[in-house]
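Visitor: pasting the sequence and the predicted coordinates here, then a few questions.
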Amino acid sequence: MRLIVTEKNNSAKKIAEILSGGAAKADAVYKVPYYTWSDSDGDHMAIGLKGHVMSPAFTEGYSNWQQTDLHELIDAEIIKEPTDKNVVKAIKKVAKDADEVVIATDYDREGELIGLEALEAIIEANPQVVGAGGASSDGDALATQPRIERARYSALTKQEIERAFGSLDDLSYDLAHAGAARQDIDLIWGATLTRAVSLATRRFGSNFLSVGRVQSPTLGLIVERELERRAHVPKPYWEVFARFEHPDGAFEAHHATDKFWEKAEADAALAGTKSPGLVKEVSSRRNSRRPPTPYNTTAFTTDASSRLGITPSRAMRLAEDLYMDGFISYPRTDNTVYPQSLNTKELVRSLVRIPEFSAAASLLDGDLTPSRGKKETTDHPPIYPTQALHPNALDGPKARVYELVVRRFLATFSPPMITESTRADIEAGSESYFVRGSVVIDPGYAAIYTYARSADEEIPKLEEGQSLEIDGDPWMVDKETQPPLRISQGRLIELMEERGLGTKATRADIIQKLYDRGYVFGNPPEPSETGIAMYRAFHDYVPRMATPEMTAELESDMDQIAAGKTTKDEVLRISREMLHTTTTELEEKREDLAKQIWSGMDEDKFLGPCKVCEEAGRKHEDGSPNRLRIIELKGGKRMYGCEGWDRDNPDSPDSCPVSGPLPGRGYDLWRLEERCSICGEMPRLTVKGFRGRPWKLCLNDDCPSMVEMRQKREERKRAQEARKAAAGADGSGDGAAPTGNGRRRRRKPSPQTARRKPARSKSAK
């Protein structure tokens, strides 16, 4: 039997359908599905994993954070543990009947490693399947590196799968070892530095402070921009405008001086502006904008964020779903050049038949010559649609992502966009004004890639020497210089790529982890005070962790492993030496580091100004407003209260009584808005439990968002009661959900219930 191992069940099912011509039969072992069929070449089976089969872990004896020496942890032996025991058992069971193995996991570093993990389990169960001599003396199932057939594909389409299985390659051990090195290094660095910081700040259990070799420098990029914003001192300036009459319609012109830094000069410009204005010069220029290059992962996630408002992590999840369904190619790629083998003519022809994409039908009138980016690799092609699909066949964000990929693909074969910009200079008295307009002459690629087209800004036709009366009086607008904008998630992905932080497969998840840890919030990401304090502490005391150079160096080392120029053991040795030095630096300055982080954490407990105190005129002695803050209680409970509350004299008119319950320490809380954007009354928080998605909590119970949440809770409650009543009428009991052993299962409390009765975290028990 030939055993085909894929990364996920969907891939196994799709490959089985294609190779068997739809004749594959489904079954399962240990709850893991597999698919079998027979043909002239014999019996075949395809089985899907659930991602990584094994994960790195320390050996026993290192679980107690407070009793483990960090330098011993750095040098501790790393073992592999099953991520899902059923998957391992299933692989071993089906492997016993196999006489041939094809690894068909995703074609990248992670996929190669997952394939190697599966292979080790296969050989442990059936050493003869690849002619291996069994396990080595140290327990390694792969004492040698047997040749294993490898199917490399970039899309789950019939043509691509048949091509991949018609030209099988070998498993790349170098590539797999590079992926394993990354796993081990991330474990060692993350565990050691997270423990070091948590021990220094005495934050244990679910309240630990996460640190990572990629996560921390990425946070640094966000914080550095925020510190630039805070350091910005607004500088006032004035702009002067005038409105001129014209037979085709009046228009507004800007003074030739972009900004007046002195108001007196702006006043003088107003006084010197006299009617009529005289057109002194009219100039026009045509501009040609090249079509965009094919999508790689970075460009795709950037566009999904900026053009669709979908975060990079969610965009990648949606793209992976579309890939598994066979609608787009593999979404993790650095390539920006289509391969010669791609049948673009047929694909374009099928896509432009769909009404939504018919604007690109003219592409078939000539030769299809795509644009090219700077990066060309041989592993995966750029992201492209693998089949024509009406967007209405998909739902919500998935349809929008598919449409984005299609429009970008068609745009890469399209002509440039031609625009014409016109500028007219007008003299009015002693002052000069200008007006500028832009018109799209030929939309080119923007006809299909509609995201790139902006509205025309046309101006009336003006001629040199033309006299124009001023409509009304000229005016000035007072403004201030603005701080630099925060970095969008899409731009952050680009910066990470430029600095060598993470990989195309990990960058979106790293940004999401910063949100999950409460180090950033909002979109674009804004650092919390804890996030800023973490960066400052590392920058001041362990600068190696605050900058991307060290991480980029390790990434380069892992590329060397993949290229066969160094070994995993050598890179781990260098990394451990580097970490010993970093940890020693941190331990020597742990008290100062802890104080800096504590100050940020304390500041994050403040949720926003107290509106009741504002209305009553109650303030601090220095004139600053009283603020609402999170208050930690015994037993893991929490509440919020106002700084203006007088503990010794609570009934005093100067004492603010505003307070209320909050979810307990089993939930992460961070400020979303100082004033709720829905009701404008109280702060709004983001709440995230151990499981499930984050949800929004306004401290004003009468906020429409909270009223809606309570209504939905009541609807769910009534539905549950109706189901119970129906179950009782059927004679099946009182409707409570029994577990497999006959016990009643406790129902998970709703968010509102959790809010009223804060949950206790494990560390608080």
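Guide: Done, it's in. Residues are numbered from 1 along each chain as shown.
Visitor: contacting residues for residue 426?
Guide: 244, 253, 277-280, 432-435, 468 (C-beta atoms under 8 Å, 6 or more residues apart in numbering). The C-beta positions use only the backbone N, C-alpha and C, and glycine is treated the same way.
Visitor: ok, now with 10 Å
Guide: 242, 244, 253, 256, 276-282, 432-435, 462, 466-468, 470 (C-beta atoms under 10 Å, 6 or more residues apart in numbering).
Visitor: buried members of those residues into PyMOL, please.
Guide: Selecting only the buried entries of those in PyMOL, with 16 or more other C-beta atoms under 10 Å as the criterion:
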select buried, resi 242+244+253+277+279+282+432+433+435+462+466+468+470
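Visitor: just the contacts of residue 426: which are in strands?
Guide: 242, 244, 253, 277-282, 432-435, 467-468 (DSSP state E).
Visitor: I'd say residue 407 and residue 453 touch.
Guide: No: counting by C-beta atoms under 10 Å, residue 407 does not reach residue 453; the two are 11.4 Å apart.
Visitor: list residues touching both of these two?
Guide: 445, 447.
Visitor: more crowded one of the two?
Guide: Comparing residue 407 with residue 453 by other C-beta atoms under 10 Å, the one with more neighbours is residue 407, at 26 against 15.
Visitor: what does that one show for phi and psi?
Guide: Dihedral pair for residue 407: phi -60, psi -40, per degrees, to the nearest 10.
Visitor: roughly how far does it sit from residue 514?
Guide: 30 Å (C-beta to C-beta, to the nearest Å).
Visitor: cool, and residue 619?
Guide: Residue 619 is 34 Å from residue 514, by C-beta to C-beta.
Visitor: ditto for residue 56
Guide: Distance of residue 56 to residue 514, computed by C-beta to C-beta: 23 Å.
Visitor: between these two, which has more neighbouring residues?
Guide: Neighbour totals were compared for residue 56 and residue 514, and residue 514 leads with 23 against 16 (other C-beta under 10 Å).
Visitor: next up, the contacts around that one.
Guide: With C-beta under 10 Å, 6+ apart, residue 514 has these contacts: 210, 212, 215-216, 218-219, 222, 492, 520-521, 525, 527-528, 531.
Visitor: near residue 83, how many other residues are there?
Guide: Applying other C-beta under 10 Å, we find 15 residues neighbouring residue 83.
Visitor: from residue 572, how far out is it?
Guide: The value you get for residue 83 to residue 572, if C-beta to C-beta is used, is 21 Å.
Visitor: tell me the buried residues in stretch 356-369?
Guide: Under 16+ other C-beta under 10 Å, the buried positions of stretch 356-369 are 357, 359-360, 363.
Visitor: any chance of these in TSV, plus pLDDT and secondary structure?
Guide: Below are the buried residues of stretch 356-369 laid out as TSV (pLDDT from 0 to 100; DSSP: H, G, I helix; E, B strand; the rest coil):
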residue	pLDDT	secondary structure
357	93	helix
359	92	helix
360	93	helix
363	92	helix
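Visitor: quick one: mean pLDDT for stretch 685-695?
Guide: Across stretch 685-695, the average pLDDT comes to 76.
Visitor: distance between that stretch and the chain's centre?
Guide: Mean-position distance between stretch 685-695 and its chain equals 17 Å (C-alpha atoms, centre = their mean, to the nearest Å).
Visitor: end to end on it, go ahead and measure it.
Guide: End-to-end distance of stretch 685-695 (C-alpha to C-alpha, to the nearest Å): 8 Å.
Visitor: stretch 285-303 too?
Guide: End-to-end distance for stretch 285-303, by C-alpha to C-alpha: 29 Å.
Visitor: next one: it to chain centre, how far?
Guide: 20 Å.
Visitor: what is the rounded mean pLDDT of that stretch?
Guide: 93.
Visitor: and the helix or strand where residue 306 lies, what's buried?
Guide: Assigned by DSSP states H and E, residue 306 belongs to helix 297-308. For helix 297-308, the neighbour count (16+ other C-beta under 10 Å) marks 297-305, 307-308 as buried.
Visitor: can you put those residues in CSV and add distance to residue 166?
Guide: Formatted as CSV, the buried residues of helix 297-308 follow (distance: C-beta to C-beta, whole Å):
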residue, distance to residue 166
297, 28
298, 32
299, 31
300, 29
301, 33
302, 36
303, 34
304, 34
305, 38
307, 38
308, 37
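Visitor: and those, which is closest to residue 718?
Guide: Using C-beta to C-beta, residue 308 is the member of the buried residues of helix 297-308 that lies nearest residue 718, at 36.2 Å.
Visitor: if we can go back for a sec, tell me which of the contacts of residue 514 fall in helices.
Guide: Among those, the members found in helices (DSSP state H) are 215-216, 218-219, 222, 492, 531.
Visitor: for residue 160, state which of the residues you listed is nearest.
Guide: Nearest to residue 160 among those, with distances taken as C-beta to C-beta, is residue 492, at 32.3 Å.
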